[in-house]
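In: turn this into a model:
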Amino acid sequence: MVEDRVLGLIPHLPDGISEIYFHPAAQRTPSVASAISSYRRTEELAALLSPLVRERIAESGIRLVSYSDL
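Out: Residues are numbered from 1 along each chain as shown. Next comes the predicted model:
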């Protein structure tokens, strides 16, 4: 779930509760890369930390909550 994908999803989220899950990592390790080669974990972390994603979320009126808030 990289930044461009998240930015593309935001305008299409339905009313109500939506969940987007990530598998972020600060670095790519050989063991993880060989087990799940298609995951882009460092790019997922970047998407979670992206100021642009945060801005688009705010502009869309989306309220971020934790699972325990539900």
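In: how about Phe22, nearest residue that isn't a chain neighbour?
Out: Glu44 (4.6 Å; Cβ to Cβ, 6 or more residues apart in numbering). Heads up, the C-betas are built off the backbone N, CA and C, glycines and all.
In: if I look at the one you found, how far off is Gly61?
Out: As judged by Cβ to Cβ, to the nearest Å, Glu44 and Gly61 stand 24 Å apart.
In: Glu55 now?
Out: 12 Å.
In: these two - which one has more neighbours?
Out: Ranked by neighbour count (other Cβ atoms under 10 Å), Glu55 and Gly61 place Glu55 first, with 11 against 6.
In: model confidence score at the more buried one, please.
Out: Each residue has a pLDDT score; the one for Glu55 is 98.
In: any idea which helix or strand comes after the helix or strand of the chain with the lowest mean pLDDT?
Out: When each helix and strand of the chain is scored by mean pLDDT, DSSP states H and E, helix 30-35 comes last, with a mean of 69. Next helix or strand after helix 30-35 toward the C-terminus (DSSP states H and E): helix 41-49.
In: I'd assumed Met1 was in contact with the residue nearest to Phe22.
Out: Yes: counting by Cβ atoms under 8 Å, Glu44 does reach Met1; the two are 5.3 Å apart.
In: which neighbours do these two share?
Out: Phe22 (Cβ atoms under 8 Å, 6 or more residues apart in numbering).
In: neighbour-wise, which of the two wins?
Out: Glu44 (20 against 17).
In: residues touching that one, list them.
Out: When contacts are counted by Cβ under 8 Å, 6+ apart, Glu44 touches 1-2, 22-25.
In: list only buried entries from these.
Out: Neighbour counting by 16 or more other Cβ atoms under 10 Å classes 1, 24 among the contacts of Glu44 as buried.
In: many thanks, I have nothing further to ask.
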